[in-house]
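**Q** here is my input, please return the structure:
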Amino acid sequence: MTEEQRLGPIDTTTPHSARVWNYWLGGKDNYPIDRQVGDQVRQVYPGIVEVARHSRAFLGRAVRHLAGEAGIAQFLDIGTGLPTVDNTHEVAQRVNPASRVVYVDNDPLVLVHARALLAGTLEGVCDYVNADVRDPDRILAEAARTLDFTRPIGLMMLGILGNVWDDAEASAVRDRLVAALPPGSYLVLEDGTDAVDPEAAAQAEKTRAEAGDPYKLRTPRQIAAFFEGLRLLEPGVVSVSRWRPEPSAWGLPEEVTAFCGVAVKP
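**A** The predicted structure follows:
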């Protein structure tokens with residue numbers, strides 16, 4: 001039995017974060033229920049599309065830094081979502097064609113599109129693990145088939161821990177994953193906050209929960225706590241739009257409500 005057969009048909013009646021996110025990014029791999037929820041959230045928080053776009057741009061800048069200056073050649077991307085442009089392996093392999101990337105998600109539609117995700121360079125390797133972020137032991141065991149956990153790894157956790165509602169469980173997941181990384185590895189983490197527009201963010205959080213796609217917003221201080229024991233790179237925990245943005249004559253871009261950081265494990 002193939003993985004696709006084991007998972008069964010895709011549920012097109014319940015929204016899924018990966019597909020809603022895909023809709024906000026202008027993708028076509030989503031269903032009416034995802035677009036409905038996406039539009040409901042956008043009504044109460046019009047800035048959510050900018051959040052999605054800035055988050056994607058942050059991924060590119062962070063991966064380029066890790067694959068280039070930091071010399072990271074292995075990436076574990078948890079909550080990868082649906083393929084759009086400049087996926088982790090595309091960015092990393094443009095810098096180092098031999099980069100190895102493991103994607104993790106639990107949406108059957110992402111699995112259907114795995115072939116697109118796995119189309120990397122001849123020198124590099126891509127793999128896909130079907131698992132929930134709440135099962136870090138399974139993620140680590142399956143990722144170890146492709147990644148060498150004796151060498152530094154870039155752990156990507158973008159927009160994923162908001163799906164773990166309980167704070168203690170979210171911290172435990174992060175702790176288990178970081179504990180498995182060797183020294184010299186990096187954590188790249190980003191999640192939604194209520195820091196920029198608290199009223200709209202709270203309404204968006206409520207709308208998603210009522211629609212069946214709950215996502216917990218945390219404060220920048222709570223996001224900073226996920227980097228405990230690691231050495232944060234400058235500029236620390238900031239809005240995704242302000243993490244080492246491209247030079248502009250207009251100065252720093254406006255803050256958006258998703259905050260991020262990049263840190264190295266000593």
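
**Q** hey, let's count contacts and neighbours off CA atoms from now on
**A** Fine.

**Q** look up phi and psi at the most centrally placed residue in the chain.
**A** Taking CA atoms, centre = their mean, the centroid of the chain lies closest to residue 158, which sits 2.3 Å from it. Dihedral pair for residue 158: phi -100, psi 120, per degrees, to the nearest 10.

**Q** in the lengthiest helix in the chain, what counts as buried?
**A** Across the chain, the longest stretch assigned as helix under DSSP state H is helix 48-67. Buried residues in helix 48-67, counted by 16 or more other CA atoms under 10 Å: 48-60, 62-67.

**Q** before we move on, back to that, would you confirm that the residue nearest to the centre of the chain contacts residue 192?
**A** No. The criterion here is CA atoms under 8 Å, and residue 158 misses it with residue 192 at 9.6 Å.

**Q** now do the shared contacts for the two.
**A** Contact with both residue 158 and residue 192 is made by no residue, according to CA atoms under 8 Å, 6 or more residues apart in numbering.

**Q** contacting residues for the closest residue to residue 125 other than its chain neighbours?
**A** Setting aside the residues directly before and after it, residue 125 is nearest to residue 100 in space (CA to CA, 6 or more residues apart in numbering), at 4.6 Å. Applying CA under 8 Å, 6+ apart, one finds that residue 100 lies in contact with 73, 74, 75, 89, 124, 125, 126, 146, 147.

**Q** residues touching the residue nearest to residue 28 when sequence neighbours are not counted, list them.
**A** Excluding the flanking residues, the one nearest residue 28 by CA to CA, 6+ apart is residue 22, at 7.2 Å. Residue 22 makes contact with 28, 29, 30, 81, 82, 84 under the criterion CA under 8 Å, 6+ apart.

**Q** weed out the non-buried ones from these.
**A** Looks like those have 29, 30, 81, 82 buried, using 16+ other CA under 10 Å.

**Q** just list whatever residues bridge to the residue nearest to residue 125.
**A** Legend: beta-bridge partners of residue 100 under DSSP bridges are residue 74, residue 125.

**Q** give me the distance between it and residue 215.
**A** Applying CA to CA, to the nearest Å, the value for residue 100 to residue 215 is 30 Å.

**Q** repeat for residue 141
**A** Counting by CA to CA - residue 141 and residue 215 are separated by 27 Å.

**Q** ok, these two, which is more surrounded?
**A** residue 215 (22 against 11; other CA atoms under 10 Å).

**Q** would you mind confirming that that one is in contact with residue 203?
**A** No. The criterion here is CA under 8 Å, and residue 215 misses it with residue 203 at 11.7 Å.

**Q** so residue 90 lies in a helix, does it not?
**A** Yes. Counting by DSSP: H, G, I helix; E, B strand; the rest coil, residue 90 is found in a helix.

**Q** what is the neighbour count of it?
**A** 21.

**Q** quickly find the element holding the closest residue to it other than its chain neighbours.
**A** Nearest residue to residue 90, sequence neighbours excluded (CA to CA, 6+ apart): residue 120, at 6.9 Å. Counting by DSSP states H and E, there is no helix or strand that carries residue 120.

**Q** what count of nearby residues applies to residue 120?
**A** Neighbour tally, residue 120, other CA under 10 Å: 22.

**Q** correct me, but it touches residue 88?
**A** No. Applying CA under 8 Å as the test, residue 120 and residue 88 come out as separate, 10.3 Å apart.

**Q** if we can go back for a sec, any idea how far the residue nearest to residue 28 is from residue 147?
**A** Residue 22 is 27 Å from residue 147, by CA to CA.
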